[in-house]
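A.B. asks: I would like to see how this sequence folds:
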Amino acid sequence: MDEDVLLHSSDIELNGEVFQIKVFSKSPSRFYATTCLGNDDFIITDGPTVPDALKKHEELLPLAVGTREITQSYMGFTRRSKARRT
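C.D. replies: Purely as a prediction, here's the structure:
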C-alpha cells in the first residue's frame, strides 16, 4: 500500500488567520493539498503535479474559509479564534 509523503508545507493568511497548507504525494503521479479549517474540518484538493495541487488549493481556500464564516454567522455560531490553523 502506498504511503502519503509530505512534499511541501507553507502558510497562507486569510482574514487575519494563518492556515497551513500541506502537499502530499500518494504515488508518483497523485498529489493532493490539505488544510485544517477547524475540528474535523479539512479542505483537500488534488492535482497532477505539486505546483498544480498547490495553486488550486491556494485559489479555493479563500472561498472555503469565506463560506464557513458566512455559515457560522448565519447560524449564530461564534467566530473561530484567530489562531494559526495547522
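A.B. asks: tell me the centre residue of this structure?
C.D. replies: Thr35 (2.5 Å; C-alpha atoms, centre = their mean).
A.B. asks: pLDDT score assigned to that one?
C.D. replies: pLDDT, Thr35: 96.
A.B. asks: show me the beta-bridge partners of it.
C.D. replies: With DSSP bridges as the criterion, Thr35 is bridged to Ile43.
A.B. asks: show me how far stretch 18-32 is from its chain's centre.
C.D. replies: 10 Å (C-alpha atoms, centre = their mean, to the nearest Å).
A.B. asks: also stretch 52-72?
C.D. replies: Between the centre of stretch 52-72 and the centre of its chain there are 7 Å (C-alpha atoms, centre = their mean).
A.B. asks: residues contacting that stretch, please?
C.D. replies: 8, 10, 12, 14-15, 17, 19, 21, 23, 31-35, 37-38, 41, 43, 45-47, 78-80 (C-beta atoms under 8 Å, 6 or more residues apart in numbering). Quick note: C-beta positions are derived from backbone N, CA and C, even for glycine.
A.B. asks: mind listing what's buried in stretch 9-29?
C.D. replies: 12, 17, 19, 21-25 (16 or more other C-beta atoms under 10 Å).
A.B. asks: end to end on it, go ahead and measure it.
C.D. replies: Terminal residues of stretch 9-29 lie 19 Å apart, using C-alpha to C-alpha, to the nearest Å.
A.B. asks: next, the buried residues of stretch 33-46.
C.D. replies: 33-35, 37, 43, 45-46.
A.B. asks: mind listing residues that contact that stretch?
C.D. replies: With C-beta under 8 Å, 6+ apart as the criterion, stretch 33-46 contacts 19-24, 30-32, 47, 53-54, 56-57, 60-61, 64-65, 68, 80, 85-86.
A.B. asks: show the end-to-end separation of that stretch, please.
C.D. replies: First-to-last residue span, stretch 33-46, C-alpha to C-alpha: 6 Å.
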